[in-house]
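In: okay, sequence plus prediction incoming.
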Number of protein chains: 2
Amino acid sequence: MFSKACEYGIKASIFIAINSFEGKRVSPKEIAKEIDSPQAFTAKILQALVRHGVINSVKGAYGGFEINKKDIAAIRLSQIVNAIDGDKIYKGCGLGLHTCDESRPCPVHDKFKIVRDELKDMLENTSLEELAFNIKSGTTFLKSIA
Amino acid sequence: MFSKACEYGIKASIFIAINSFEGKRVSPKEIAKEIDSPQAFTAKILQALVRHGVINSVKGAYGGFEINKKDIAAIRLSQIVNAIDGDKIYKGCGLGLHTCDESRPCPVHDKFKIVRDELKDMLENTSLEELAFNIKSGTTFLKSIA
DNA sequence: CACAAATAAGACAATTTTATCCTAAATAAA
DNA sequence: TTTATTTAGGATAAAATTGTCTTATTTGTG
C-alpha cells in the first residue's frame, strides 16, 4: 500500500511530534532506533519532509528535527503520504491506465473509487496529534517487540 | 496499490474470460496487444495464474489460454490478486510492523483495518464475469486510447 | 576565529520489480 | 513421424526502490 519510505516517514513524524510536545529536537539516529528503520535512509526521508514543510530541521549543535508545537494538531497523515509517495494513491487508476475516468473507466474504476475515497478520507482526517497521543498513552506502538 | 504484475494479471484474465465465452483461446501476443502490456512479462504472469488454477493453458498448435466457461462467474478478483501479489494486501501491517494486531497495534492499525476490509470485501465480491460483461457491453475499457 | 555537532546532499551499492530473450517441451495436423 | 505452433521455464537485463557512505554546509559555543 505505502512504500517503505512512506512507512518510515509516518513513524518518524509521529516520534518527532511526541518529542516536540516536550520541546525536544531529535536526530536521525534516535529516530531510526525508535522506529526500527535504516538510519541513513530515514535521514533522506526526513529531508523530503522538511522540503515539503511537514517538519522543521535545525542544523548545527543542539540542532535536530522538530515540528512547531501548534502545528501538530493540524498536520494530516495525507500531507506526509503526499510528501513522500505523491498523489498517485488518490489519482492513479487501479489498473494503471493512463487515462481512466467516468467517461472511459477501467474495469474496476467504480468499485476501486469507493475504497480509494475511503482511504483518502482516512488520511485526510487523521491528525499527527492523535497518532502521537496514542503512542504516548501506550495504546499503539511504533515498532514490534525486539 | 497493486503491482504492475497484478494489474496485467487482472486485465489479462478479463480478456481471456471474454474470449472463453466464445470458445476461443488466446495467445500472450493477443493478450498483450489488447491490454497494452509487455508480452514476455505478461506470459510469465499467465504462467503464475495457470499454476494457481485461475486460468488454463493448452500447449501446442491451436493452444492458448482459456478459462472454463462455467467457472468464470465463480472466479473472484481476490483469487487473481492472491495468485500474483499474495495475501500481503490483506494481512500486512500498514506501517510494516512484523507483528501488529489488536494486542499491540501500530498507530494506524484500526483506521487502516477499515479501509483494508473494504478492499478485501470489494475483491471477494467482484466476479470475473461481471468485469468481462462490462467490457463486452462497452461500459468499461481495458486500455487507454492510443 | 576555531572547533564540535548536526543536517544536507551527492555518489554509490544492494535488492526487488519489471521486462526481455532464448531454449525446451508439448501438441495438433499433414 | 515430421513439422509448425504454442506454452513453460531459465537466464539475463533494465529500472525502480531501498539502503549506505562520504563529504559539504550550517550553527552554537569556547
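Out: Received, thanks.
In: from DNA strand C, how far out is the residue of chain A positioned farthest from its centre?
Out: Distance from the C-alpha centroid of chain A, by Cα atoms, centre = their mean, peaks at A:S103 (32.9 Å). Counting by Cβ to the nearest atom of the strand, to the nearest Å, the gap from A:S103 to DNA strand C is 26 Å. Glycine gets a C-beta too; all of them are placed from N, C-alpha and C.
In: all strands for chain A, in order.
Out: Residue ranges of the strands in chain A, as given by DSSP state E, are A:56-58, A:64-66.
In: which strands or helices does the last one pack on?
Out: In other words, strand A:64-66. Secondary-structure packing of strand A:64-66 (3 or more Cβ pairs under 8 Å, 6 or more residues apart in numbering or on different chains; DSSP states H and E): helix A:4-21, strand A:56-58.
In: who in chain A is up against DNA strand C?
Out: When proximity is defined as Cβ under 7 Å from any atom of the strand, chain A approaches DNA strand C at A:25-29, A:40, A:43-44, A:46-47, A:50-51, A:57-65.
In: which among those end up buried?
Out: The neighbour count (16 or more other Cβ atoms under 10 Å in any protein chain shown) marks A:25-26, A:28, A:43, A:46, A:64-65 as buried among the residues of chain A next to DNA strand C.
In: farthest-separated two in those?
Out: A:R25 and A:A43 (14.3 Å; Cβ to Cβ).
In: does the residue lying closest to A:N68 once chain neighbours are set aside have beta-bridge partners, and which?
Out: Leaving aside its sequence neighbours, A:N68 sits nearest to A:N56 (Cβ to Cβ, 6 or more residues apart in numbering or on different chains; 6.7 Å). On the basis of DSSP bridges, A:N56 is bridged to A:E66.
In: and A:N56, what does it touch?
Out: A:50, A:65-68 (Cβ atoms under 8 Å, 6 or more residues apart in numbering or on different chains).
In: 7 Å instead, please
Out: A:50, A:66-68 (Cβ atoms under 7 Å, 6 or more residues apart in numbering or on different chains).
In: A:G9 now?
Out: Counting by Cβ under 7 Å, 6+ apart, A:G9 has contacts A:45, A:49, A:80, A:84.
In: I'd assumed A:K4 was in contact with the first one.
Out: No. At 9.3 Å, A:I45 does not count as touching A:K4 under the criterion of Cβ atoms under 7 Å.
In: of those two, which one has the most company?
Out: More neighbours surround A:I45 than the other of A:I45 and A:K4, with 26 against 13 (other Cβ atoms under 10 Å in any protein chain shown).
In: please name the nearest non-neighbouring residue to that one.
Out: Nearest one to A:I45, counting by Cβ to Cβ, 6+ apart, is A:G9 at 4.8 Å.
In: now A:A40
Out: A:A40's closest residue in space is A:P28 (Cβ to Cβ, 6+ apart), at 7.7 Å.
In: and A:E30, how many neighbours?
Out: A count of nearby residues for A:E30, using other Cβ under 10 Å, gives 17.
In: same deal with A:A17?
Out: Counted with other Cβ under 10 Å, the neighbours of A:A17 add up to 25.
In: equivalent analysis for the one 3 residues further on, please.
Out: Taking other Cβ under 10 Å as the criterion, the count of residues near A:S20 is 23.
In: my guess is it contacts A:K70. True?
Out: No. A:S20 lies out of contact with A:K70 (Cβ under 7 Å); the separation is 10.1 Å.
In: joint contacts of those two?
Out: Counting by Cβ under 7 Å, 6+ apart, no residue touches both A:S20 and A:K70.
In: thinking again about what came up before, in TSV: the helices and strands packed on strand A:64-66, plus mean pLDDT and distance to B:E34.
Out: Output for these, formatted as TSV (pLDDT from 0 to 100; distance: least, Cβ to Cβ, whole Å):
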stretch	mean pLDDT	distance to B:E34
helix A:4-21	98	33
strand A:56-58	98	50
